[in-house]
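need a structure here:
(chains A and B)
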2 protein chains.
Amino acid sequence: MADIDSPIERAARDPIGVTTGPIRGSRKIHVGPLGVAMRAIDLDPSCGEPSLNVYDTSGPYTDPNARIDIMAGLPQLRRQWIEGRGDVESYDARELRPEDNGQLGPDRSGGVPRFPRVIQRPLRAKAGANVSQMHYARRGIITPEMEYVATRENLGREMLRDYVRDGESFGAAIPDYVTPEFVRDEVARGRAIIPSNINHPESEPMAIGRNFLVKINANIGNSAVASNVASEVDKLVWSIRWGADTVMDLSTGRNIHDTREWIIRNSPVPIGTVPIYQALEKVGGIAEELTWDIFRDTLIEQAEQGVDYFTIHAGVRLPYVPLAAKRVTGIVSRGGSIMAKWCLAHHKESFLYERFDEITEIMKAYDIAYSLGDGLRPGSIADANDEAQFAELYTLGELTHRAWKEDVQVMIEGPGHVPMHKIKENMDKQLQVCGEAPFYTLGPLTTDIAPGYDHITSGIGAAMIGWYGTAMLCYVTPKEHLGLPDRDDVKVGVVTYKLAAHAADLAKGHPAAKMRDDALSRARFEFRWRDQFNLSLDPDTAESYHDQTLPAEGAKTAHFCSMCGPKFCSMKISQEVREFAAKQNAPVESFVAAENAEAGMAEMSERFREKGGEVYLPAE
Amino acid sequence: MADIDSPIERAARDPIGVTTGPIRGSRKIHVGPLGVAMRAIDLDPSCGEPSLNVYDTSGPYTDPNARIDIMAGLPQLRRQWIEGRGDVESYDARELRPEDNGQLGPDRSGGVPRFPRVIQRPLRAKAGANVSQMHYARRGIITPEMEYVATRENLGREMLRDYVRDGESFGAAIPDYVTPEFVRDEVARGRAIIPSNINHPESEPMAIGRNFLVKINANIGNSAVASNVASEVDKLVWSIRWGADTVMDLSTGRNIHDTREWIIRNSPVPIGTVPIYQALEKVGGIAEELTWDIFRDTLIEQAEQGVDYFTIHAGVRLPYVPLAAKRVTGIVSRGGSIMAKWCLAHHKESFLYERFDEITEIMKAYDIAYSLGDGLRPGSIADANDEAQFAELYTLGELTHRAWKEDVQVMIEGPGHVPMHKIKENMDKQLQVCGEAPFYTLGPLTTDIAPGYDHITSGIGAAMIGWYGTAMLCYVTPKEHLGLPDRDDVKVGVVTYKLAAHAADLAKGHPAAKMRDDALSRARFEFRWRDQFNLSLDPDTAESYHDQTLPAEGAKTAHFCSMCGPKFCSMKISQEVREFAAKQNAPVESFVAAENAEAGMAEMSERFREKGGEVYLPAE
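The predicted structure follows:
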């Protein structure tokens, strides 16, 4: 099945267009000597609050001063840092072959236009060198990438006054303030990774780790049955606009190589791929015909383009395959089933497992991080936490330590479909078996019965496992299990996962997280509607929902909303209560004392007086 | 502000229309001697599985054999049961007054048409009698209502073969099989309620309790700024079509009485209200002018119409009010702030608290259940689990035991806005303080920063607190905090809460819950697309999403989907894996043994061999 339309004519007809311009109600700012990009949300002067800085994944696209040219790609922020370390060399790139784009011959019909400025001479580590961030970290070197991450993670933390930690982090070690040294230490210990292929200098450094803000990933990519390069670049820019921290290009079918080039050159966030997908296309989709040489060549091809992390399903071992036979939904990971089929057909151990150390050598030379794939993840509630899944996890733990021996960065992929009562076991096992390497989960979905709403069934599991310690959450869109996500689905998926990640940060007691909730709640209480919209994850939707009921411009400053109407408002009454209480010269306690007929009520009050500080925030 | 349009002309123009007809892919069935309504979902003959019976809240509206006439109301299923008990008498109804509909005089302009068949002679308990289900239960009487509930809750439980309980219920006592005697015992202990006003004989009995399926409530109602009676009746029918177990009429502004009559007469599910809303309208919205007499009269007015449960904010006591002063968002409960204002204005204890026993006398006479309101629930993350909230909860516990002395049914309302790490404390305290009376929570929202997506921020908290033991979850729509929900918002809110409630049932290990997940997962694995749609909570959306990518009719039977395309499918490979494993004459264990170089992997296998039964279901 070919692409639905002919991308080449299409691209000629209308050049690739993406959404640019500031997100409503916020300003792009650049913080510190490295000019770390953030969004500043200015509040109504009436409240006397400073503007709130929030984490910003959107790159130059939301910067009115940036010149965006998709045909040229983004500026190479990291180029000098990389070359400055003096441990890389440039060389002639591997030659592009027709099969890289799924063409059988030189004919490029049905193909996509090549990116105009393809890297002709990529970088790699000099002989014997290791250019991974983990390697630098373990040698005590603080890279600009680590400094960038430190500034980026702190956000407004310096604004916090007498902050009292309030949360349950299940043994995480979240610092009050993130220093470059802390970042270095986390990377050195393998508890965090900074995906940063030296051939993707356009990327803005970010960290994935349990002691940093919870991150989210969005999947895009051509499919054998639909979409084209223009819409994939548009989806990339659209997904980072709403908060995707990394993006995976899961393209299948034709034009995989060229599509990826357009995506990487225009991406300020790390790009991940599943190389086995492209290798499979090269052998016409016949898993048995995969060979180590074809796979290895595909890794080099993608390494030179700048892919920041590879999903490698090296944990799907021959003896585990039959364990999946008794399952309700068998093997649902595409990469996992490819390898399972290969293992069965040859009745041989997986070449990914056997050649693991050779793969590691390639990762070292470009600083590509492992995302060890969970090829045997459960595809249904019935299969959650079963033998196949945990047998593979144990092997991923073994491989993590093997990669760490070579100072290569690693994260671990997780499920999937898991009922709530079995989620924590996944997190606990992963931490124990994989030495605290970052966990990167797909949801998990907490029930199978709501196709069409799986961004929500999985958002529940994602928030929970993020709270328990997962470092990055792979989004699920409303189309999961049913169809290919369009632009709107991508946005809903990203915002849903953004709120799940934030709920997790809040519950972990992340110092910077609660500031935004409190700022929005104060705006809500004071009827600062615009501030309420602008502080939300999706200002456009918030305002349009408000306007559907009260379109009048005046309603945006009105001291009431459509729920109760103008006649009566609980928020207004609360203001009166506050004034009344202020007038009382007796402290609140005396009120309570006056009525403590019920011992219990007094006991309550007491209990809270003790740790009052923990529960309250000053109202202004 | 008057209603946006003139309902009277409107009603004359187009009579009230509602959505009727079967839900796609399912059949209405009536089970047992009482004809308990359920939905049967027939599966493709190819799978050889029996049809799955699911819980059905939609009433006669989805029964093709039922004659629906909104002007006449629903058949009175419970009429004979109620009269058969011989403890009720009919009497002349309280006379309708203009202020009941917010009219200052006899002029009904801007009003709504009266329901044609208003009850002229309502029922009440004979002098000295108590007609509450709890009273019967405590006297050892099993009512038809209890029998109906038992059949309704069991669903396909009798179909379960060698079922092994898999879940964590945190001390709940969910039986393998629900008997009428079990229902009686739960109601007698106060652990469950069956809201069933004797003047709402149209209702199909349902139970709210921690040891039954988790229920959800949908809110509808006129607002001072919008909507009319036709759209409210339509929302009622629409919300129960998608799964609302009870509906609250939160009407404010004008026409409250007439709107409620239309709703109750056409509702097969229990209807709840917040009487203080109407009482406030009767005094022109001025809280200070509320009196016990006006409130009491409003209770009688609504009791005669058939309201099944009343939200009473009797826990908002004078001494607690100042505790809300230090909050970021003060008092956000409308009823709570009305009473707070009254208490402050008069500097007197709440008349709801002081007259509580008199209210209880009214509840007894009609079998109305208390929904003790949490008027001091937190309205923001910052205010969660604070002194004001728990001081009120303690009083609700005191009132629960006072109501129980009189055999009156009680449930307790809960928050609100609570970060994940503080949710369980809410549940634990409620169970302890309120003697296991059913908990009924609004979400809670797990973050404040996503207006426009609060059905999701709260769906996360709802699933978790449902798992911990909450009996009913009050839905939140995408318009929460922003505007009034329309039809689509109501559906999204209901389906979101339905999936959250189901995720909770699954995690609690509810015997009947997992059957549906497994049936859908098998359909997914076997590419029975129609079965997959029909087994989902929203078949219409599931099918339309699928068709957006693969519209061709053939794709509904195709052994691939749009994610991977026809060339390659992980599910297909899994089938091959299964055949392969079947061909092996050696058992799975030997595979593992052959390779147990890693002790851990073997240990894993062992660990699972032991309790394999718990984890697996037969694949066919």
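
do I have it right that A:I141 meets A:V183?
No: with contacts counted by Cβ atoms under 8 Å, A:I141 stays clear of A:V183, the gap being 11.7 Å. C-beta here means a position set from N, CA and C on the backbone, and glycine is covered the same way.

counting neighbours, go ahead and name the busier of these two.
A:V183 (30 against 13; other Cβ atoms under 10 Å in any protein chain shown).

and the more buried one, how close does it get to chain B?
Going from A:V183 to chain B by Cβ to the nearest Cβ, to the nearest Å gives 25 Å.

what of A:A462?
The gap separating A:A462 from chain B is 9 Å, by Cβ to the nearest Cβ.

surely that residue touches A:Y497?
Yes: counting by Cβ under 8 Å, A:A462 touches A:Y497, with 6.2 Å between them.

name the residues contacting each of the two.
Listed as contacting both A:A462 and A:Y497 by Cβ atoms under 8 Å, 6 or more residues apart in numbering or on different chains are A:L473.

torsion angles phi and psi at A:D166?
Note on A:D166: backbone dihedrals following degrees, to the nearest 10 are phi -140, psi 100.

contacts for the one helix or strand A:H135 maps to, please.
Using DSSP states H and E, A:H135 falls within helix A:133-138. By Cβ under 8 Å, 6+ apart, the residues outside helix A:133-138 that reach it are A:85, A:142-143, A:145-146, A:184-185, A:187-188, A:190, A:193-194, A:196, A:364, A:367, A:404, A:407-409.

how many other residues sit next to A:T400?
23.

do A:P144 as well
Quick note: A:P144 (other Cβ under 10 Å) scores 18 neighbours.

can you pull the contacts of A:R524?
Per Cβ under 8 Å, 6+ apart, neighbours of A:R524: A:532, A:571, B:329, B:379-380, B:448, B:481.

mind saving the C-alpha coords of stretch A:466-483 as PDB?
In PDB, the C-alpha atoms belonging to stretch A:466-483 read as follows (Å, rounded to 0.1, in the frame of the first residue of the first chain):
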ATOM      1  CA  GLY A 466       5.200   8.800  37.400                       C
ATOM      2  CA  TRP A 467       4.600   9.400  41.100                       C
ATOM      3  CA  TYR A 468       6.200   6.100  42.000                       C
ATOM      4  CA  GLY A 469       9.300   7.000  40.100                       C
ATOM      5  CA  THR A 470       9.000   6.700  36.300                       C
ATOM      6  CA  ALA A 471      11.200   9.400  34.600                       C
ATOM      7  CA  MET A 472       9.500   9.700  31.300                       C
ATOM      8  CA  LEU A 473       5.900   8.900  30.100                       C
ATOM      9  CA  CYS A 474       5.200   7.900  26.500                       C
ATOM     10  CA  TYR A 475       2.000   9.500  25.500                       C
ATOM     11  CA  VAL A 476      -1.100   7.700  24.200                       C
ATOM     12  CA  THR A 477      -3.600   9.400  22.000                       C
ATOM     13  CA  PRO A 478      -7.400   9.000  21.800                       C
ATOM     14  CA  LYS A 479      -6.800   7.000  18.500                       C
ATOM     15  CA  GLU A 480      -4.700   4.300  20.200                       C
ATOM     16  CA  HIS A 481      -5.800   0.800  19.100                       C
ATOM     17  CA  LEU A 482      -8.100   2.300  16.500                       C
ATOM     18  CA  GLY A 483      -6.300   4.600  14.000                       C
END
